[in-house]
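Visitor: predicted structure and sequence below. I'll ask about it afterward.
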Amino acid sequence: MSGSKQIKLTLQKSLAKRLPRHVACAHGLGLRNRHQTVTVAATPENMGMVNKVAYLLKVEEV
């Protein structure tokens, strides 16, 4: 995926008692545990999921 922007996501808050759609978005991004960090491509699909659960995440550009 060279040439595409990457973003680093860290799950700051727990997924317990969250809306099932929000939990599914976090899982779709590869986040399952608190303080877990993943790097994903900044595609429109991923950015839509990030925007939906932004209140749970810390987002950084790589």
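Guide: Cool, got the structure.
Visitor: which residues of this protein fall in strands?
Guide: 6-11, 37-41, 57-61 (DSSP state E).
Visitor: out of these, deepest packed?
Guide: Of the strands of the chain, the one with the most neighbours on average (mean count of other Cβ atoms under 10 Å) is strand 6-11, at a mean of 18. Yep, even glycine has a C-beta here, placed from its N, CA and C like the rest.
Visitor: direction included, what does it pair against?
Guide: Using DSSP bridges, the strands paired with strand 6-11 are strand 37-41 (antiparallel), strand 57-61 (antiparallel).
Visitor: mean confidence score for the last one?
Guide: Strand 57-61 carries an average pLDDT of 97.
Visitor: what sits up against that strand?
Guide: Residues external to strand 57-61 that are found in contact with it (Cβ atoms under 8 Å, 6 or more residues apart in numbering): K5, Q6, I7, K8, L9, T10, L11, Q12, L31, V50.
Visitor: how much space separates the residue lying closest to I7 once chain neighbours are set aside from E61?
Guide: Nearest residue to I7 in three dimensions, chain neighbours excluded: A42, at 5.0 Å (Cβ to Cβ, 6 or more residues apart in numbering). Using Cβ to Cβ, to the nearest Å, A42 is found at 8 Å from E61.
Visitor: give me the common contacts of these two.
Guide: Residues touching both A42 and E61 by Cβ under 8 Å, 6+ apart: K5, Q6, I7.
Visitor: about what we covered before: farthest-apart pair in the contacts of strand 57-61, please.
Guide: K5 and Q12 (21.4 Å; Cβ to Cβ).
Visitor: make CSV out of the strands paired with strand 6-11 and add distance to A26.
Guide: Output for the strands paired with strand 6-11, formatted as CSV (distance: least, Cβ to Cβ, whole Å):
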stretch, distance to A26
strand 37-41, 10
strand 57-61, 8
